[in-house]
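Q: need coordinates for the following:
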Amino acid sequence: MNSHIKQFLSHLEVEKNYSSHTLINYQHDLEEFAIFLDKTPIDKVDYSVLRRFLALLRNHNLKPRSVARKLSSLRSFFRYLQREKVVSSNPAALLVTPKLDKPLPHFLSEQEAIKMIEAPAHDKISQLRDRAIFETLYSTGIRVSELVGLDSQDVDFISNIIRVMGKGRKERLVPIGDKALEALQEYIDKRPKKSNILFLNKNGTRLSTRSVGNIINKCVLEQAITQHVTPHMFRHSFATHLLDRGADLRSVQELLGHVNLSTTQIYTHLTTDKLKKVYDHAHPRA
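A: Next up is the predicted model:
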């Protein structure tokens, strides 16, 4: 079983270009399934065995989204094994994914976003860096993992474009505003250590996603912002504010790097709620 898992993960990494984060999740899910199987051969696994594993997951009070991810891992794994003729069929294909609610993403108002961005002072290099981080996240809507992966040569100061390596190691070009570029240029010009890496930590190495979260948490405390703010909220705010100001859904999809339009459509619920409030407040017979 372990050898099959290793080969499958190698297939995902080399042929499918899956991210390290996704590979870790797949590995964790499949190793958990291997422990459940114990000595049961992989070619003896059928629908009833998978149903028992599913029941075990539910007894652990896992959230539906976690169960759905594990089922997705199993489907992909058995599809690979079937292609490699290790098993004759995919027993996981018959499993029903639990229904998932799509929670509306939390976002900052335009005033809150500006307050966050303008909070860091200009006295220290770390403050210039933090300001540049906030400006870039809000200006581009990129993921925090994409942000920390940026190198200096990925920023085109002339064309107002940054080159981003997104999910599945897919490269895309994203517009970036003048204010974000000004903040980036000031940070790059004044930092003492020259580096190809765009955002550096105090040791002069690449900043981590966790560090960006800690920077935001520190700013939230200093500015006495009442709601919990995450790096991803800048992305949600970016998309919501664009739609509020008249951007079309297809353009926002491209900017966010979403493969499916349905992923982007969740932001229309937020703008619809705002339209309803405007209508209720403004229409004489609302």
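Q: next one: the residue nearest to Pro105 when sequence neighbours are not counted from Leu181, what distance?
A: The shortest distance from Pro105 to any non-neighbouring residue, by CB to CB, 6 or more residues apart in numbering, is to His236 (4.0 Å). For every residue, glycine as well, the C-beta is placed using N, CA and C. According to CB to CB, to the nearest Å, His236 stands 23 Å off from Leu181.
Q: can you count the residues close to the residue nearest to Pro105?
A: His236: 20 surrounding residues under other CB atoms under 10 Å.
Q: enumerate every residue touching it.
A: Pro105, His106, Phe107, Tyr267 (CB atoms under 8 Å, 6 or more residues apart in numbering).
Q: any low-confidence regions in the stretch 51-200 of the chain?
A: 100-104 (pLDDT under 70).
Q: circling back to that earlier point, how close does the residue nearest to Pro105 get to Ala180?
A: Applying CB to CB to His236 and Ala180 gives a distance of 17 Å.
Q: let me see the ranges of the helices in the stretch 151-286 of the chain.
A: Assigned by DSSP state H, counting those that start in this stretch, the helices in the stretch 151-286 of the chain fall at 178-190, 209-222, 231-244, 249-256, 261-264, 266-282.
Q: which one of the ones you listed lies nearest to Val148?
A: With respect to Val148, and counting by CB to CB, the nearest of these is helix 209-222 at 5.7 Å.
Q: re earlier: from the contacts of His236, pick the one nearest Arg51.
A: The closest of the contacts of His236 to Arg51 turns out to be Pro105 (CB to CB; 33.7 Å).
Q: count the residues that sit near the closest one.
A: 16.
Q: A strand includes it, no?
A: No - counting by DSSP: H, G, I helix; E, B strand; the rest coil, Pro105 is located in no strand; its state is coil.
Q: now for it: which residues touch it?
A: Here Pro105 is in contact with His232, Met233, His236, Thr240, Ile266, Tyr267, Leu270 (CB under 8 Å, 6+ apart).
Q: if we use 10 Å, what do you get?
A: His232, Met233, Arg235, His236, Ser237, Ala239, Thr240, Ile266, Tyr267, His269, Leu270 (CB atoms under 10 Å, 6 or more residues apart in numbering).
Q: average model confidence for stretch 267-276?
A: For stretch 267-276, mean pLDDT rounds to 68.
Q: how close does Ser139 sit to Val212?
A: Distance from Ser139 to Val212, by CB to CB: 15 Å.
Q: hmm, I typed the wrong one, I wanted Glu32.
A: Glu32 is 30 Å from Val212, where distance means CB to CB.
Q: cool, and Arg235?
A: Distance from Arg235 to Val212, by CB to CB: 12 Å.
Q: now do Val67
A: From Val67 over to Val212 (counting by CB to CB), the distance is 30 Å.
Q: ok, these two, which is more surrounded?
A: Val212 (22 against 18).
Q: just list the residues touching that one, thanks.
A: Here Val212 is in contact with Asp130, Ile133, Phe134, Leu137, Val144, Ser145, Leu147, Val148, Phe199, Thr230, Pro231, Phe234 (CB under 10 Å, 6+ apart).
Q: drop anything exposed from these.
A: Using 16 or more other CB atoms under 10 Å as the burial test, the contacts of Val212 include Asp130, Ile133, Phe134, Leu137, Val144, Ser145, Leu147, Val148, Phe199, Pro231, Phe234 as buried.
Q: let's have these in a markdown table, adding distance to Tyr47 and secondary structure.
A: Output for those, formatted as a markdown table (distance: CB to CB, whole Å; DSSP: H, G, I helix; E, B strand; the rest coil):
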| residue | distance to Tyr47 | secondary structure |
| --- | --- | --- |
| Asp130 | 53 | helix |
| Ile133 | 49 | helix |
| Phe134 | 50 | helix |
| Leu137 | 45 | helix |
| Val144 | 40 | helix |
| Ser145 | 36 | helix |
| Leu147 | 43 | helix |
| Val148 | 42 | helix |
| Phe199 | 48 | coil |
| Pro231 | 41 | helix |
| Phe234 | 44 | helix |
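Q: closest to Val278 among these?
A: Lowest distance from Val278 to the buried ones among the contacts of Val212 (CB to CB) belongs to Phe234, with 24.4 Å.
Q: doesn't Glu146 make contact with that closest one?
A: No - Phe234 is beyond contact range of Glu146, at 11.8 Å (criterion: CB atoms under 10 Å).
Q: joint contacts of the two?
A: With CB under 10 Å, 6+ apart, Phe234 and Glu146 have common neighbours Thr136, Leu137, Thr140.
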